[in-house]
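**Q** Need coordinates for the following:
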Amino acid sequence: MAHYKAILAYDGSRYNGSQRQRKGSGGLTVQEVTETALAKIGWQGGAILFAGRTDAGVHAVGQVIAFQLNWTHTLMELKSAINTYLPKDVAILAVDICDENFHPRYQAIWRQYRYRIYYSEQRHPLYDRYAWRVWQVPDAQILQQCAQRLIGEHDFGSFGKASKSDGNTIRTVFLAGWNQWEEDGIQGMYFNIRANAFLYHMVRRLVAQMIRVGQGSMSITAFEQALERKKALTSHHLAPPNGLTLVEVNYGAS
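**A** All right, here's what the predicted structure looks like:
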């Protein structure tokens, strides 16, 4: 029985998150369809392991999973076999043998997410699936200033929740920044953030508040005070899930 590490990509639009939900909560998950595909090639495990949980509607190109399997063919054939049984909106991008003690969540050094927005007074069906439509256009320079404030160790309790009620909300951000993009006459920005770990809803709430600052409905001072836990947020809006993608999970140096 060998142990495998795989990189998983998925369009999260129709899934109720990445990992199996409690009984009765309803909704298909990425874990369910992946385990179903593995079972068709002989997997008999209890549950595959994930690097991190993504919310309903959130996408991934760098989710990492781990599982055990008795497989006698090549790694390329393993990847092809799993993909044969996966739905079209989920795919294994790479697979390799790993140490039997490897845990994709607990051994991760950092994770990187990307959030994409586009500017338009009217909705655009081809972009709405993977980006948040924002109008009015936020000030790009102010967005970048907000992002730079995030780098380093901070208590992000104003922007997310720990997995446990008494959990630690301090996280270290290694990279944060906004970049412009343009495609087929549509303009927008994407926000990259890399950290040792993330709180529940942390990225989506950070993006929502930065957009408020960039549009002038919130001051940078108020944003900084929330980051420093000196003053509570007056708005707890979340950016919609469709703009968010888990890009990479890293197990080396930051």
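**Q** and the lengthiest helix in the chain, what's its mean pLDDT?
**A** Among the elements of type helix in the chain, defined by DSSP state H, the one spanning the most residues is helix 202-214. For helix 202-214, mean pLDDT rounds to 98.
**Q** Which elements pack onto that helix?
**A** Other elements packing on helix 202-214 under the criterion 3 or more CB pairs under 8 Å, 6 or more residues apart in numbering; DSSP states H and E are strand 110-119, helix 140-150, strand 186-195, helix 220-227, strand 244-250. C-beta here means a position set from N, CA and C on the backbone, and glycine is covered the same way.
**Q** if you set the cut-off to 7 Å instead, what comes out?
**A** Using 3 or more CB pairs under 7 Å, 6 or more residues apart in numbering; DSSP states H and E as the contact test, the elements touching helix 202-214 are strand 110-119, helix 140-150, helix 220-227.
**Q** So for Leu86, what's the nearest residue that isn't a sequence neighbour?
**A** The shortest distance from Leu86 to any residue that is not its chain neighbour, by CB to CB, 6 or more residues apart in numbering, is 4.7 Å, and that residue is Ala37.
**Q** Check which helix or strand that neighbour maps to.
**A** Taking DSSP states H and E as the criterion, Ala37 maps to helix 30-39.
**Q** for this structure, which spans come out with low pLDDT?
**A** For the chain, the stretches with pLDDT under 70 are 22-25, 253-254.
**Q** Domain map for it?
**A** Here the domain parsing of the chain from automatic domain parsing is 2-97, 110-250.
**Q** give me every residue that touches the closest residue to Val137 other than its chain neighbours.
**A** Using CB to CB, 6+ apart and skipping residues adjacent in sequence, the residue nearest Val137 is Tyr119, 4.8 Å away. Counting by CB atoms under 7 Å, 6 or more residues apart in numbering, Tyr119 touches Val134, Trp135, Val137, Gln187, Gly188.
**Q** Out of the domains of the chain, flag the one nearest Pro104.
**A** Closest to Pro104 of those is domain 2-97 (CB to CB; 4.0 Å).
**Q** end to end, how far does the closest one reach?
**A** With CA to CA, to the nearest Å as the measure, domain 2-97 spans 7 Å from end to end.
**Q** what's the answer for stretch 82-96, then?
**A** Its start and end residues considered, stretch 82-96 measures 13 Å (CA to CA).
**Q** Okay, buried residues for that stretch please.
**A** Applying a neighbour-count criterion of 16 or more other CB atoms under 10 Å, one finds Ile82, Leu86, Pro87, Val90, Ala91, Ile92, Val95 buried in stretch 82-96.
**Q** Put together JSON lines for those residues, with secondary structure on each row.
**A** Compiled in JSON lines, the buried residues of stretch 82-96 are given as follows (DSSP: H, G, I helix; E, B strand; the rest coil):
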{"residue": "Ile82", "secondary structure": "helix"}
{"residue": "Leu86", "secondary structure": "coil"}
{"residue": "Pro87", "secondary structure": "coil"}
{"residue": "Val90", "secondary structure": "strand"}
{"residue": "Ala91", "secondary structure": "strand"}
{"residue": "Ile92", "secondary structure": "strand"}
{"residue": "Val95", "secondary structure": "strand"}
